[in-house]
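Enquirer: what's the 3D shape of this:
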Amino acid sequence: MTSQTSQMEGVPLIAPSSTDHPLYEAVVEACRAVYDPEIPVNIFDLGLVYTIFINDEADVVVTMSLTAPGCPVAGEMPGWVANAVEAVPGVRTVDVNLTWEPQWGMDMMSDEARLELGFM
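Expert: The predicted structure is shown next:
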């Protein structure tokens, strides 16, 4: 995932994830189990997961976007993500928030996703 920053304020548009939390990698793998039904790549490698915040009580907040505001699964995908993350042992609660800022772009995809989709 790229780290997009506002040029004016120097404030990240995408908040940093809790990468040092012991549950972080397991939550990432849970997100990798969720696929956009129109694209054969998981949502994490597509760059749709912007932030994974995990507090000391193991409450997880996932901030994500979709490939487009009119995505046909816009109402369903946050539930899919919540269900996947709730299944991670040790996670207490899960909240999934959709955001459109910054707008998702193909530059947010991982190299693996680009390769899978034939963009590399």
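Enquirer: if I pick residue 55, what's in contact with it?
Expert: Contact analysis of residue 55 by CB atoms under 8 Å, 6 or more residues apart in numbering lists residue 18. C-beta coordinates here come from the backbone N, C-alpha and C atoms, glycine included.
Enquirer: Against residue 44, how distant is it?
Expert: 20 Å (CB to CB, to the nearest Å).
Enquirer: next one: residue 119
Expert: Applying CB to CB, the value for residue 119 to residue 44 is 17 Å.
Enquirer: Check the spacing between the residue nearest the centre of the chain and residue 81 real quick.
Expert: Residue closest to the mean C-alpha point of the chain, counted by CA atoms, centre = their mean, is residue 49 at 1.1 Å. Noted for residue 49: a distance of 8 Å to residue 81, by CB to CB.
Enquirer: what about residue 54, how many neighbours?
Expert: Here the count is done by other CB atoms under 10 Å, and residue 54 has 24 residues near it.
Enquirer: Test my guess that it contacts residue 21.
Expert: Yes - counting by CB atoms under 8 Å, residue 54 touches residue 21, with 4.2 Å between them.
Enquirer: before we move on, which element is residue 81 in?
Expert: If you go by DSSP states H and E, residue 81 is part of helix 77-86.
Enquirer: List the buried residues in that helix.
Expert: Buried positions in helix 77-86, judged by neighbour count with 16 or more other CB atoms under 10 Å: 77-78, 80-82, 84-85.
Enquirer: Would you mind checking which of these is nearest to residue 99?
Expert: residue 78 (11.0 Å; CB to CB).
Enquirer: For stretch 54-67, measure first residue to last.
Expert: Distance between the two ends of stretch 54-67: 24 Å, counting by CA to CA, to the nearest Å.
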